[in-house]
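Novice: Need coordinates for the below:
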Amino acid sequence: MDIIISNANGEPIYEQIYSQVKAQIMNGTLKEGDALPSMRALAQQLRISVITTKRAYEELERDGFIESYTGKGSFVKAQNMELFREEELRAIEGLLAEACDRAQRCGVTLTELKEIAEMLYGGDNNE
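Specialist: Residues are numbered from 1 along each chain as shown. So this is what the prediction gives:
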């Protein structure tokens, strides 16, 4: 499991661990049943406090990404990809609503907005 910690970005270390593990689960790098390093091992590897890794693992477990068993460790839990997709769609809708509001305030037409979206998305061959 690859985790890269940055002290420069201002995001708490436990959140960096959380988001990177979550991303690896969602993109399939970590699969259902895969064992995560122990909290102590990860803390030593990253040279951080065990308390920090414990908080990240607790958050991952609370949000349903991992399961922890006393004496056995922490493992990737089966994911409901449809639920995750719905959550992501809601977040995207919020961002697009903000973009549309800003475009309307600046006089950007819907056609221009669509062109920008197509360019950012990688052209119209990604339908």
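Novice: Could you tell me the end-to-end distance of stretch 64-72?
Specialist: 18 Å (Cα to Cα, to the nearest Å).
Novice: in that stretch, what's buried?
Specialist: For stretch 64-72, the neighbour count (16 or more other Cβ atoms under 10 Å) marks 65, 66 as buried. For every residue, glycine as well, the C-beta is placed using N, CA and C.
Novice: could you measure residue 101 against residue 44, distance?
Specialist: 47 Å (Cβ to Cβ, to the nearest Å).
Novice: Those two - which one has more neighbours?
Specialist: residue 44 (13 against 10; other Cβ atoms under 10 Å).
Novice: The more buried one sits in which helix or strand?
Specialist: For residue 44, the element it lies in under DSSP states H and E is helix 39-46.
Novice: Check which residues of that helix are buried.
Specialist: 39, 42, 43, 46.
Novice: likewise stretch 23-38?
Specialist: Within stretch 23-38, judged by 16+ other Cβ under 10 Å, the buried ones are 24, 25, 30, 36, 37.
Novice: Could I get these in a markdown table, plus columns for distance to residue 120?
Specialist: Formatted as a markdown table, the buried residues of stretch 23-38 follow (distance: Cβ to Cβ, whole Å):
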| residue | distance to residue 120 |
| --- | --- |
| 24 | 25 |
| 25 | 26 |
| 30 | 29 |
| 36 | 34 |
| 37 | 37 |
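Novice: Among the residues you listed, which one lies nearest to residue 67?
Specialist: residue 36 (10.0 Å; Cβ to Cβ).
Novice: doesn't residue 68 fall inside a strand?
Specialist: Yes: judged by DSSP: H, G, I helix; E, B strand; the rest coil, residue 68 forms part of a strand.
Novice: ok, back up a step: any idea which of the buried residues of helix 39-46 is the one closest to residue 58?
Specialist: Nearest member of those to residue 58, counting by Cβ to Cβ, is residue 39, at 9.6 Å.
Novice: give the contact list for the spatially closest residue to the closest one that is not a sequence neighbour.
Specialist: Take residue 39 and drop its neighbours on the chain: the residue closest to it by Cβ to Cβ, 6 or more residues apart in numbering is residue 53, 4.4 Å away. By Cβ atoms under 8 Å, 6 or more residues apart in numbering, residue 53 lies in contact with 14, 17, 39, 40, 42, 43, 46.
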